[in-house]
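> Pasting a predicted model and its sequence here:
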Amino acid sequence: MSDKSYSYTGSGTNDQGNHYCSRQDNSTGNTGYHYSNTDGSYYYKNPNGSTYYDNGNGYSKYTSPGVQSYSSSSKK
C-alpha cells in the first residue's frame, strides 16, 4: 500500500546487516526512517516526530510527538 503524502527517499542495508528505509512527508518536508534489525528488533522515527521501538522480545516503547512515552512488556 502506498501513501501518496510521503516520498520514499532511500533504503538499504547498513554495515551491521540491518535494513533501513527513509521517507519524507511531502506536505511538511519532515523526514523519517525505520530500521529492521537482524536481532528481530525494529525502530521507527516518523516524520511527525514520534518514535516506536520494539525489541522483538516482548518490549515496546512509543514516544508521541509531544514527548510522552508509553511502554509495554510481555513475555514471549
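Nice, I can see it.

> For the rest of this, base every contact and every neighbour count on C-alpha atoms.
OK.

> Output the host helix or strand of Y20 as CSV, restricted to C-alpha atoms.
Y20 is part of strand 19-25, with elements assigned from DSSP states H and E. Presented in CSV, the C-alpha positions along strand 19-25 are these (Å, rounded to 0.1, in the frame of the first residue of the first chain):
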residue,chain,number,x,y,z
HIS,A,19,17.7,-2.9,6.8
TYR,A,20,16.6,0.8,6.7
CYS,A,21,14.2,2.9,4.7
SER,A,22,13.7,6.6,4.8
ARG,A,23,10.8,8.8,3.7
GLN,A,24,9.8,12.4,3.5
ASP,A,25,6.4,14.0,4.3
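
> So in that sheet, which strands flank that strand, and in what orientation?
According to DSSP bridges, strand 19-25 has the following sheet partners: strand 6-13 (antiparallel), strand 31-36 (antiparallel).

> Output those strands in a markdown table; the columns should cover mean neighbour count and distance to S60.
What follows is the strands paired with strand 19-25, written out as a markdown table (neighbours: other C-alpha atoms under 10 Å; distance: least, C-alpha to C-alpha, whole Å):
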| stretch | mean neighbour count | distance to S60 |
| --- | --- | --- |
| strand 6-13 | 14 | 23 |
| strand 31-36 | 19 | 14 |
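
> Turn those into JSON lines, columns for distance to Y53 and mean pLDDT.
Shown next, in JSON lines, are these (distance: least, C-alpha to C-alpha, whole Å; pLDDT from 0 to 100):
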{"stretch": "strand 6-13", "distance to Y53": "18", "mean pLDDT": "94"}
{"stretch": "strand 31-36", "distance to Y53": "10", "mean pLDDT": "96"}
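
> Spit out the contact partners of S72.
By C-alpha atoms under 8 Å, 6 or more residues apart in numbering, the residues touching S72 are 58-61.
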